[in-house]
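# Everything below, folded, please.
(one chain, ligands or ions: 2)
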Amino acid sequence: MTTSFGQSTVLGYPRIGAHRELKKAVEAYWAGKLDATGLHETAAELRAQVWRTLRDACLDAIPSNTFSYYDQMLDTAVALGAVPHRFARLGLDDLDTYFAMARGVDTEPALELTKWFDTNYHYLVPEIDPDTSFTARPAKALSEYAEARALGITTRPVLIGPATFLLLAKGADPFARLDDLVDTYAGILTALAGAGVPWVQLDEPAYVADRTPAEIDGLHRAYQRLGDLPNRPRIFVATYFGDLADALPALLDTPVDAVGVDLVAGPGNLERLAGAGPLGGKTIVAGLVDGRNIWRTDLRAAVAAGATVAALADHVAVSTSCSLLHVPVDVTAETRLDPRLSERLAFARQKLDEVVLLGRALRDGTTAVPAPLPATPASWRHDEIRGRLAALRPDDRSRGAYPDRATRQRQRLGLPALPTTTIGSFPQTPELRAARAAHRAGTLDDAGYTARMRAEVAHVIRLQEDLGLDVLVHGEPERNDMVQYFGEQLDGFAATDHGWVQSYGTRCVRPPIIHGDVARPEPMTVAWSTYAQSLTSKPVKGMLTGPVTILAWSFVRDDQPLADTADQVALALRDECRDLEAAGIRVIQVDEPALRETLPLRRSQQQTYLDWAVGAFRLATSGVADDTQIHTHLCYSEFGEVIAAIDALDADVTSIEASRSKMEILDDLAIIGYHRGIGPGVWDIHSPRVPPHDEVVDALRRAVAAVPAHRLWVNPDCGLKTRGYPEVEASLRHLVAAAAAVRQG
Ligand code: GLN
Ligand code: ZN
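Residues are numbered from 1 along each chain as shown. Ligands and ions are numbered 1, 2, ... in the order given. Predicted coordinates:
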């Protein structure tokens with residue numbers, strides 16, 4: 001059996017299937033329509049497909065154990081025997097215990113779900129306490145290895161590494177358990193060696209973020225120990241999403257056999273390697289093909305970078321910068337894309353060819369690789385937009401003084417203290433989804449579709465008037481997704497038919513592709529908002545998605561700075577805001593739920609990001625008059641690191657997820673002197689539970705203690721699109737009544 005690493009590999013591959021087969025099978029299992037055997041069969045078939053695809057692409061180092069029914073962190077927790085007691089005691093079988101951890105059961109909430117580094121993938125947060133016992137359970141890794149062997153394919157099992165596993169876990173000081181945990185990893189490695197596994201991959205991406213010396217020391221200790229095991233597979237430590245900085249020399253100083261570095265998101269890794277001294281026979285796995293974005297690799301630049309690594313190390317292999325989990329499966333499935341665009345794209349399948357080609361070029365020492373594509377088509381350029389951007393002045397990103405704005409808005413809107421509102425979407429019922437699907441398929445014509453959506457808007461307005469809400473929304477029935485909807489209407493964007501990417505569990509998204517200059521051919525939301533406003537005398541909020549979130553949830557061109565693309569999107573939104581205002585809309589909400597998500601992992605890079613992110617938001621929202629009220633909305637994260645940026649957005653009102661964190665956000669905002677309107681969520685919309693009236697009153701009383709009533713808004717944590725009407729009506733009734741009760745003091 002060969003012990004060399006090989007020439008070309010990927011760190012992981014999409015596991016949901018080219019047609020989301022895994023999603024469908026898992027959901028059928030949950031619904032009781034497919035039994036466990038059927039589910040296992042589909043899963044085995046999908047794994048076999050992936051391994052054959054990788055082999056047929058001529059990759060010579062193939063990962064396994066990258067399959068997951070839900071999430072790789074959850075799989076790793078199970079492999080370490082770290083199933084929290086609250087799930088173990090349910091007495092379910094292994095599969096259902098696993099899904100209980102992922103989704104919760106009636107009596108037990110799921111593990112927390114949170115963003116995987118700066119991606120839109122979400123992992124389940126392991127719960128590790130001082131008394132969590134670890135046990136090596138290598139069954140999944142072993143059986144996947146054996147399955148692939150049965151197909152004649154030798155693979156490299158992948159696990160999250162011990163240090164990253166603990167750094168991403170929650171509990172009382174999980175990292176203090178590192179030495180215990182490393183013993184358990186030793187057990188897993190020994191078992192793998194016993195099965196003849198030649199290589200194992202342990203992922204340590206947590207070290208591309210700022211880490212303390214103690215944490216770096218822990219990494220060193222862990223791999224010293226694992227490397228010293230007498231009977232083990234060769235160890236490949238993979239890192240991704242950025243620069244390792246001081247963690248790189250620490251890792252190179254251990255007896256592991258291969259170290260992977262991301263040379264796309266972490267170009268600084270190259271210098272660190274150069275400065276590291278002799279690499280002691282280690283294989284360096286160079287992540288040269290972008291695993292996060294969908295553009296074809298500049299092969300010449302990649303070969304040059306690879307050659308630099310080759311000059312430093314005895315052995316170099318070529319890889320993707322991270323797992324291909326983050327990109328769609330195959331661009332050849334996209335038959336409706338402009339061919340001038342598709343020829344520039346590489347999805348997962350196409351990236352395999354790039355990796356193999358680069359691996360061969362490095363092995364043969366050749367630089368003869370295909371030339372880059374010619375310049376992008378002239379029609380993707382908008383000179384008018386470029387001219388407007390070039391002419392921008394600082395003034396274009398600022399509004400009048402807030403106290404003045406507040407006075408004018410108060411006079412114009414005439415709202416009570418503690419005004420009540422929602423975040424935008426109302427339930428997306430099966431009927432609504434069916435109507436949108438029929439319209440897309442051409443079986444419902446434009447007029448029929450518009451009539452159906454207007455009926456929904458009218459229903460939502462009537463409901464809100466009946467409930468007594470103060471600032472109404474149109475309910476967003478026409479939106480499939482808060483980014484896709486705008487992508488479909490803006491120039492410079494393209495949509496895919498099959499470009500699905502796993503977001504979490506069985507949830508997949510289809511991010512649009514921003515390939516050219518962004519421009520707005522015509523208003524995007526004005527007709528819906530003005531129709532809604534025509535049905536009521538109460539103010540209706542116009543509803544837009546902000547530039548940072550649009551970029552975060554798209555695949556973005558990489559031939560110009562993100563800041564420039566953000567400003568182009570912002571200009572389109574600025575025009576939309578003005579059109580909404582001219583059409584009589586008095587309140588406009590620009591959502592930025594992804595503001596925190598794309599914050600760079602290294603503190604040293606965060607301010608630059610926040611500057612352009614805030615700048616783009618302000619460009620989008622500062623074109624309106626002072627008496628037009630701008631709202632923003634944030635959710636899905638801890639906001640500690642971006643509190644100052646939230647203030648800098650200069651929105652008149654910020655609604656923010658807060659109910660689960662018990663309003664702590666209000667103290668954080670008070671500390672930095674935030675002094676504008678704030679709507680801390682008082683209803684956790686992530687579950688169907690209806691918050692009792694008294695609970696909302698309590699939350700509001702806590703809020704009133706932290707924020708003067710004249711600045712406080714009353715709203716749920718987020719939009720209501722995933723909820724059903726019964727709980728929405730009941731909860732909003734409690735919310736409105738609670739606001740009335742607290743107004744009375
Ligand atoms: N306006 C959007 C909605 O209500 C906001 C969604 C979000 O924050 N993710 O659905
Ligand atoms: Zn939200």
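# which element follows whichever strand or helix holds Glu215 toward the C-terminus?
Per DSSP states H and E: Glu215 is located in helix 213-227. With elements assigned by DSSP H and E, the helix or strand that comes after helix 213-227 is strand 234-238.
# same for that following strand, what does it pack against?
Packed against strand 234-238 by the contact rule (3 or more CB pairs under 8 Å, 6 or more residues apart in numbering; DSSP states H and E) you find strand 199-203, helix 213-227, strand 258-262, strand 283-289. Quick note: C-beta positions are derived from backbone N, CA and C, even for glycine.
# the inter-axis angle of the longest one versus strand 199-203?
By that I understand helix 213-227. With axes from the mean of the first three to the mean of the last three CA atoms, to 10 degrees applied, the angle from helix 213-227 to strand 199-203 works out at 170 degrees.
# same thing with the last one?
Angle, strand 283-289 to strand 199-203, by the same axes, to 10 degrees: 60 degrees.
# So what touches the helix holding Glu215?
Here helix 213-227 makes contact (CB atoms under 8 Å, 6 or more residues apart in numbering) with 161-163, 167, 175, 178-179, 182, 185-186, 189, 202, 204, 207, 211, 232, 235, 237, 246-247, 250-251, 253-256.
# Separate out the buried members of the residues you listed.
Among these, those buried by neighbour count (16 or more other CB atoms under 10 Å) are 161-163, 167, 175, 178, 182, 185-186, 189, 202, 204, 207, 211, 232, 235, 237, 247, 250-251, 254, 256.
# Let me know the helix or strand that the closest residue to ligand 1 within the stretch 551-700 of the chain is in.
At 3.9 Å from ligand 1, Pro593 is the closest residue in the stretch 551-700 of the chain, using CB to the nearest ligand atom. Secondary structure from DSSP H and E places Pro593 outside every helix and strand.
# Let me see the contact set for it.
Listed by CB under 8 Å, 6+ apart, the contact set of Pro593 reads 549, 633-636, 718.
# Look up how far Leu634 lies from it.
In this structure, Pro593 and Leu634 are 6 Å apart, going by CB to CB, to the nearest Å.
# now Val182
For Val182, the distance to Leu634 equals 38 Å [CB to CB].
# Now do the helices in the stretch 401-550 of the chain.
Along the stretch 401-550 of the chain, the stretches classed as helices by DSSP state H, counting those that start in this stretch are 402-413, 430-441, 446-467, 484-487, 526-534, 547-552.
# What ranges in the chain fall below the confidence cut-off?
For the chain, the stretches with pLDDT under 70 are 1-2.
# One more pass at 80, please.
The model of the chain has pLDDT under 80 over residues 1-3, 280, 367, 636-638, 660-661.
# Give me the phi and psi angles of Ala737.
For Ala737, the backbone dihedrals (degrees, to the nearest 10) come out as phi -70, psi -40.
# Can you report phi and psi for the nearest residue to it once chain neighbours are set aside?
Sequence neighbours aside, His693 is the residue nearest to Ala737 in space, at 5.7 Å (criterion: CB to CB, 6 or more residues apart in numbering). The phi and psi values for His693, taken as degrees, to the nearest 10, are phi -50, psi -50.
# ok, whichever residue of the stretch 151-300 of the chain sits closest to ligand 2 to ligand 1 distance?
Going by CB to the ion, ligand 2 is nearest to Lys170 of the stretch 151-300 of the chain, at 22.1 Å. Lys170 is 23 Å from ligand 1, where distance means CB to the nearest ligand atom, to the nearest Å.
# Next, count neighbours for that residue.
Other residues near Lys170 come to 13 when the count uses other CB atoms under 10 Å.
# what residues are up against Asp424?
Rather than Asp, residue 424 is Gly. By CB under 8 Å, 6+ apart, Gly424 lies in contact with 473, 475-476, 541, 543, 589, 591, 633, 719.
# Over to Thr598?
With CB under 8 Å, 6+ apart, Thr598 has these contacts: 118, 548, 551-552, 609, 613.
# Adding distance to ligand 2 and neighbour count, write those out as TSV.
Below are these laid out as TSV (distance: CB to the ion, whole Å; neighbours: other CB atoms under 10 Å):
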residue	distance to ligand 2	neighbour count
Asp118	18	20
Val548	14	31
Leu551	17	21
Ala552	13	23
Tyr609	20	19
Ala613	17	29
